[in-house]
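J.: Below are the sequence and a predicted model for it; my questions follow.
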Amino acid sequence: LWLFAAATAPVLGGCATSPVTGERILAGMTPAQEREVDRQQAPHQFSQDLGAVQDSAVNAYVADVAAGLVPHVHRRDMPYSARVLNANYINAYTFPAGAMGVTRGIVTELDDEAELAALVGHEMGHVNARHAAQRQGQALLAQVAVIGLTVGAAAQDSGWAPLIGVGAQIGASALLASYSRDNEREADALGQEYMVRAGYPADGMVRLHRLLVDENQRNPSLLETMFSSHPMSRERMDTAQRLASTQYAASRGASPRRERFMDRTASLRAIKPTITACKAGETAMAKKDFGGAQQQFTTALRHTPNDYAANLRMAQCLQAQRKIGEARRYADAARRIYPEEAQAMKLVATLKLAAGEPAAAFDDLQRYDRALPGDPGIVFLKGVSLEGMGNQRASAEHYASFLRATQQGPAAQYAASRLRAWGYLR
């Protein structure tokens with residue numbers, strides 16, 4: 001994840017000029033580093049959110065909406081990209097150079113293209129104001145927590161069986177940048193400016209805010225991740241409303257492009273019952289109500305048997321109940337459904353470890369590493385597999401490599417304990 005990459009790169013704390021205001025700002029990353037963070041680390045976060053949806057038309061549509069805003073932003077030279085992710089929770093986020101993820105959980109709550117443009121424009125606002133670069137110093141403090149999400153937790157008895165990514169609302173994106181309220185206000189203002197310049201009505205931003213504020217009042221837990229990474233308030237909605245009725249009043253007659261939105265997202269909205277059930281199942285898992293979670297994932301799979309996210313979450317839910325054989329059936333199904341996506345590879349590997357098949361697990365971890373290189377958790381899990389195969393020397397090398405990345409958390413404690421037991425550490 002990009003926080004880890006930023007922590008291991010040279011920190012170039014220094015002054016830069018804001019592309020938006022022209023004023024001097026303190027930036028912890030150069031533009032080149034921002035691009036490198038996106039290139040190296042965005043794929044890991046997108047995979048944590050279960051990859052882009054397997055619907056090229058939906059992804060092309062969201063990318064097209066983003067591309068329509070680019071001519072109107074301040075940093076037109078950044079490598080913007082956008083995709084819809086299989087994550088069920090409600091959120092959107094961006095990496096420093098404009099690699100954006102929009103969850104299917106939020107797309108199915110939107111009502112028209114103007115609201116989508118407001119959402120994407122807001123994320124572009126963060127990129128153009130260089131909020132991530134300005135906050136890089138504070139972000140370093142979160143690196144250990146992020147690595148911990150990657151690795152998971154130890155099973156109490158039969159080795160390691162991580163529950164990958166089943167936190168309070170799934171996904172480490174809440175840690176990508178806990179923006180300040182001032183950052184959010186600036187991103188709102190920029191996003192509203194960009195969307196109006198692109199021909200949308202300014203009240204699309206107002207309606208996006210209203211949707212989120214109303215949803216938070218009805219189901220506050222469902223927006224926990226959204227509001228932790230993007231602090232929300234009615235004051236922000238009121239500000240957007242004031243600008244829509246004054247500065248951007250001329251945009252009132254612009255089309256919100258609702259028919260186009262409905263047409264282009266019809267396939268995603270058709271599985272909204274699946275997304276809703278998955279969301280409820282994830283919330284139940286966070287509360288360790290695995291029976292309730294299993295019921296929700298069963299409902300999701302009844303609606304959409306070949307849904308990648310539903311199969312993967314069901315496998316994780318069964319894994320948490322130590323039902324390894326059943327879990328493997330769903331994990332294998334997830335891998336068949338979406339063979340390019342790495343999380344199913346990792347889950348299958350951890351289930352094989354739990355079943356006492358370290359050599360088979362190692363093969364799957366190798367596949368994961370080829371698909372998504374650079375995950376420190378995989379280094380650790382390879383060490384566990386090699387230990388199970390009796391290859392102590394290679395296992396020790398992997399544990400030592402993992403400890404160079406982090407020395408915090410149960411995985412690091414386990415790795416250090418094995419190295420001490422084998423005489424590599426005092």
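T.: The structure has been received and is ready for your questions.

J.: need the helices for the stretch 1-150 of the chain, in chain order.
T.: 2-8, 31-48, 56-69, 104-107, 113-128, 131-134, 136-139, 143-151 (DSSP state H, counting those that start in this stretch).

J.: other SSEs contacting the second one?
T.: Secondary structure elements in contact with helix 31-48, counted by 3 or more CB pairs under 8 Å, 6 or more residues apart in numbering; DSSP states H and E, are helix 2-8, strand 99-103, helix 131-134, helix 143-151, helix 342-354. (Each C-beta comes from the backbone N, C-alpha and C, glycine too.)

J.: E340: which element?
T.: For E340, there is no host helix or strand (DSSP states H and E).

J.: quick one, what contacts it?
T.: Neighbouring residues of E340 by CB atoms under 8 Å, 6 or more residues apart in numbering: 51, 371.

J.: in stretch 245-263, what's buried?
T.: Applying a neighbour-count criterion of 16 or more other CB atoms under 10 Å, one finds 248, 251, 254, 256-257, 261 buried in stretch 245-263.

J.: R83: which of those is nearest?
T.: F261 (16.7 Å; CB to CB).

J.: What's the local residue count around the nearest residue in space to the closest one that is not next to it in sequence?
T.: The shortest distance from F261 to any residue other than its chain neighbours is 4.2 Å, reached at E113 (CB to CB, 6 or more residues apart in numbering). Using other CB atoms under 10 Å, E113 has 26 neighbouring residues.

J.: Helices of the stretch 151-300 of the chain, residue ranges please.
T.: 181-197, 203-218, 224-229, 234-245, 258-264, 266-269, 272-286, 290-303.

J.: want to try TSV for those helices, with distance to Q343 as columns?
T.: Below are the helices of the stretch 151-300 of the chain laid out as TSV (distance: least, CB to CB, whole Å):
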stretch	distance to Q343
helix 181-197	29
helix 203-218	27
helix 224-229	17
helix 234-245	33
helix 258-264	26
helix 266-269	20
helix 272-286	14
helix 290-303	15
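
J.: rank those by pLDDT, which is bottom?
T.: Mean pLDDT is lowest for helix 224-229 out of those, coming in at a mean of 54.

J.: Check the residue lying farthest from the centre of the chain and give its pLDDT.
T.: No residue in the chain sits farther from the centre than G423, which is 39.1 Å out by CA atoms, centre = their mean. You'll see G423 listed with a pLDDT of 93.

J.: Doesn't it lie inside a helix?
T.: No: under the criterion used here (DSSP: H, G, I helix; E, B strand; the rest coil), G423 is coil, not part of a helix.

J.: Need phi/psi at it.
T.: Per-residue torsions, G423: phi 90, psi 10 (degrees, to the nearest 10).

J.: so which of the helices of the stretch 151-300 of the chain gets nearest V120?
T.: Of all those, helix 181-197 comes closest under CB to CB, at 7.8 Å.

J.: To what extent is T299 buried, counted in neighbours?
T.: 17.

J.: er, I271 actually
T.: I271 has 21 nearby residues by other CB under 10 Å.

J.: M78 reaches R130, doesn't it?
T.: No: assessed by CB atoms under 8 Å, M78 is found out of contact with R130, at 10.2 Å.

J.: Which one of those two is surrounded by more residues?
T.: Between M78 and R130, counted using other CB under 10 Å, R130 has the larger neighbour count: 24 against 21.

J.: correct me, but that one touches I25?
T.: Yes: judged on CB under 8 Å, R130 makes contact with I25 at a distance of 6.7 Å.

J.: returning to what we had before: between M78 and R130, what contacts are shared?
T.: The contact lists of M78 and R130 share E34, where a contact means CB under 8 Å, 6+ apart.

J.: rewinding a little: tabulate the helices of the stretch 1-150 of the chain (CSV), appending mean pLDDT.
T.: Converted to CSV, the helices of the stretch 1-150 of the chain look like this (pLDDT from 0 to 100):
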stretch, mean pLDDT
helix 2-8, 33
helix 31-48, 89
helix 56-69, 98
helix 104-107, 96
helix 113-128, 97
helix 131-134, 80
helix 136-139, 49
helix 143-151, 37
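
J.: could those helices go into TSV alongside distance to A361?
T.: Output for the helices of the stretch 1-150 of the chain, formatted as TSV (distance: least, CB to CB, whole Å):
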stretch	distance to A361
helix 2-8	24
helix 31-48	19
helix 56-69	32
helix 104-107	30
helix 113-128	37
helix 131-134	36
helix 136-139	33
helix 143-151	15
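
J.: re the thing from before, right, and out of the buried residues of stretch 245-263, which lies closest to S395?
T.: Closest to S395, out of all of the buried residues of stretch 245-263 and judged by CB to CB, is F261, at 52.1 Å.

J.: dump the residue contacts of that closest one.
T.: 110-113, 116.

J.: at 7 Å what do you get?
T.: Contacts here follow CB atoms under 7 Å, 6 or more residues apart in numbering; on that basis F261 touches 112-113, 116.

J.: thought D188 was touching Q241?
T.: No: between D188 and Q241 there is no contact under CB atoms under 7 Å: 11.3 Å.

J.: The two: who's more crowded?
T.: The neighbour comparison of D188 against Q241 (other CB under 10 Å) goes to D188, with 23 against 17.

J.: so who does the more buried one touch?
T.: 122, 125, 205, 236, 239-240.
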